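K.L.:
need the 3D shape of this:
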Amino acid sequence: MTSRLDRVTRERLATIQGLRERGIDPYPHSYNVTHTAVAAHELLKAEGERSRRVSVAGRVVAKRKMGKLAFLDLRDGTGKLQASLRKDLLGEDAFAVIRDIDVGDFAGVEGELFVTRTGETTVEVASVTILAKSLRPLPEKWHGLVDVETRYRQRYLDLISNEDVRKTFALRSRIITSTRRFLEGEGYVEVETPVLQSKAGGALARPFVTHHNALDEELYLRIALELSLKKLIVGGIDRVYEMGRVFRNEGISVRHNPEFTLMECYCAYADYEDMMVLTENLFAAVAKEVLGTTEVEFRGHTVQLAPPWRRVPLRDAVIEASGIDFEDYLDAEALHERMLQEGLHIEGTPNRGRLIDELISATVEPRLVQPTFLLDYPSEMSPFPKRKRGNDRLVERFEAFICGLEFANAFTELNDPVDQLERLESQLRNRVGSEDVQVADDDFIEAMEYGMPPTGGLGIGIDRLVMLLTNQDSIRDVILFPQLRGKRDA
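P.N.:
Numbering: from 1, shown residues only. Reported below is the predicted structural model:
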């Protein structure tokens with residue numbers, strides 16, 4: 001049985017053939033556009049009831065024909081504009097082209113602007129050009145496409161159909177630009193570092209592995225930006241940052257995508273206190289620039305991003321949320337037993353660092369609505385920060401949370417190469433039953449041996465920052481092409 005799609009495609013192929021037989025190219029090389037839709041609206045406002053001749057182009061999103069009069073709604077990247085086609089003005093042959101234009105096609109129109117009796121800015125078309133025939137019809141009920149699978153897998157249809165989605169991704173671009181502007185204003189230099197790496201380091205995560213044929217070597221897609229940027233601190237770039245994609249071969253959820261955009265920055269002669277100030281100032285400045293306010297709505301809460309943010313020692317937060325003081329349990333077995341008493345069960349034989357991480361996720365994070373820095377983590381959880389001044393069992397690290405979601409992670413960076421190597425090796429020895437990778441990178445240790453100044457480091461998940469400022473609950477709604485399971489053949 002012939003499907004509607006097959007029938008429509010055949011009809012449009014026949015239309016294309018008919019156009020070509022009449023000497024009309026349905027896919028011309030270019031078109032001279034003088035004004036965008038928004039610019040055309042502004043021009044008419046400036047010039048009055050009629051304007052000089054303009055040329056605009058866009059996708060046909062609506063078509064209405066009433067005898068010797070027809071209307072097209074054209075939408076470009078800036079907005080929508082109506083075009084009026086009159087048979088007496090165009091002539092019979094030119095007006096006949098209207099029957100060959102379908103919703104979904106691209107078209108260009110030229111003519112003067114005027115305001116209709118209903119107040120709509122309209123082009124009085126003196127000439128019309130088909131710029132690209134669409135072979136496939138837009139989905140049924142394409143105004144507000146809601147099928148989630150189609151929206152994510154065919155994002156172009158989502159963008160055609162949903163104005164809010166287009167606004168979200170336009171805002172994402174502005175957020176990234178504003179973040180760069182803020183960091184550059186603070187004296188940070190943007191760099192690019194390799195995505196393909198001989199060792200997976202800088203975070204505790206499972207990497208993607210690939211093979212380089214010419215070198216005949218296994219390589220890894222980077223799981224963090226950290227180690228390369230610290231080498232640049234060693235090299236004398238005192239304030240450095242990178243905004244790039246990182247890859248982690250882990251689960252997919254509304255919070256996680258296997259590839260995501262991470263910003264990491266490092267500042268010589270700074271510590272994690274300086275990074276806290278940088279973080280709260282960055283969030284507030286970007287929100288103010290792109291939204292005009294530091295007060296945002298997210299996950300059903302009104303969030304105030306203006307500094308200062310709340311600062312809470314991690315130990316205190318865990319005690320308050322769970323009743324467990326992890327400082328009273330210095331080995332994994334005792335801590336695990338205490339967690340079981342509170343109904344917190346973890347499969348396998350996790351080490352103490354993972355147990356504390358689970359305590360944070362299960363009991364503390366859901367309570368953190370307003371922006372909060374959790375400070376001073378157990379050393380088992382983090383091999384890269386300096387030890388806490390006054391307590392060697394902790395390190396100077398913070399994570400920033402808003403509405404139960406982590407947005408930033410920062411350290412007073414360890415710059416003692418001997419201590420660094422010992423801690424990385426200790427973490428490797430204590431990694432029980434985990435496929436996560438955190439290697440002792442010899443090249444990084446060698447760089448540190450040349451001397452690295454005291455340094456503060458910060459990482460911010462850009463996708464989550466976009467989620468916050470666009471009030472999206474799923475990371476898939478702020479990534480144009482989120483990872484999905486491959487299509488299965490029927």
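K.L.:
strands along the stretch 151-300 of the chain, start to end?
P.N.:
Ranges of strands within the stretch 151-300 of the chain are 189-190, 196-197, 209-212, 217-221, 239-247, 259-268, 295-298, based on DSSP state E, counting those that start in this stretch.
K.L.:
so what strands line up beside the helix or strand that comes right after the last one?
P.N.:
The helix or strand immediately downstream of strand 295-298 is strand 301-304, counting by DSSP states H and E. Sheet neighbours of strand 301-304, with direction, are listed as strand 295-298 (antiparallel) (DSSP bridges).
K.L.:
for the partner strand, output the C-alpha coordinates as PDB.
P.N.:
Taking C-alpha atoms only, strand 295-298 is exported to PDB below (Å, rounded to 0.1, in the frame of the first residue of the first chain):
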ATOM      1  CA  GLU A 295      16.900  36.100  39.500                       C
ATOM      2  CA  VAL A 296      15.900  33.000  37.500                       C
ATOM      3  CA  GLU A 297      13.300  30.300  37.500                       C
ATOM      4  CA  PHE A 298      14.600  26.700  37.600                       C
END
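K.L.:
which of the strands of the stretch 151-300 of the chain sits closest to L5?
P.N.:
strand 259-268 (32.1 Å; CB to CB). C-beta coordinates here come from the backbone N, C-alpha and C atoms, glycine included.
K.L.:
show me the contacts for M243.
P.N.:
Going by CB atoms under 8 Å, 6 or more residues apart in numbering, M243 touches I176, T179, R180, E190, T261, L262, M263, I462.
K.L.:
kindly recompute the last result at 6 Å.
P.N.:
Residues counted as contacts of M243 (CB atoms under 6 Å, 6 or more residues apart in numbering) are M263.
K.L.:
so L458 sits in a strand?
P.N.:
Yes: membership of L458 in a strand is supported by DSSP: H, G, I helix; E, B strand; the rest coil.
K.L.:
if I look at it, how far off is L183?
P.N.:
The spacing between L458 and L183, counted by CB to CB, to the nearest Å, is 10 Å.
K.L.:
the two - which one has more neighbours?
P.N.:
Taking neighbours as other CB atoms under 10 Å, L458 and L183 compare with L458 leading, 24 against 20.
K.L.:
ok, that one to I175 distance?
P.N.:
Counting by CB to CB, the separation of L458 from I175 is 17 Å.
K.L.:
got it, and I360?
P.N.:
I360 is 27 Å from I175, by CB to CB.
K.L.:
hang on, the earlier thing: which residues do L458 and L183 both contact?
P.N.:
By CB under 6 Å, 6+ apart, no residue touches both L458 and L183.
K.L.:
residue contacts, K388?
P.N.:
Per CB under 6 Å, 6+ apart, neighbours of K388: D376, L394, V395, E396.
K.L.:
which one of the strands of the stretch 151-300 of the chain lies nearest to K288?
P.N.:
The nearest among the strands of the stretch 151-300 of the chain, by CB to CB, is strand 295-298 at 10.0 Å.
K.L.:
report the buried residues of the closest one.
P.N.:
V296, F298 (16 or more other CB atoms under 10 Å).
K.L.:
show me what that strand is in contact with.
P.N.:
Counting by CB under 6 Å, 6+ apart, V303, Q304, C403, L468, N471 sit against strand 295-298.
K.L.:
and it, average pLDDT?
P.N.:
Across strand 295-298, the average pLDDT comes to 98.
K.L.:
check stretch 206-214 too.
P.N.:
Averaged across stretch 206-214, the pLDDT comes to 93.
K.L.:
what's the end-to-end length of that stretch?
P.N.:
25 Å (CA to CA, to the nearest Å).
K.L.:
any idea how far that stretch is from the chain center?
P.N.:
25 Å (CA atoms, centre = their mean, to the nearest Å).
K.L.:
need the contact list for Y220.
P.N.:
Going by CB under 6 Å, 6+ apart, the list of residues near Y220 reads Q197, A200, P207, V209.
K.L.:
tell me what it is bridged to.
P.N.:
Q197, V209.
K.L.:
distance of it from F411?
P.N.:
Y220 is 22 Å from F411, by CB to CB.
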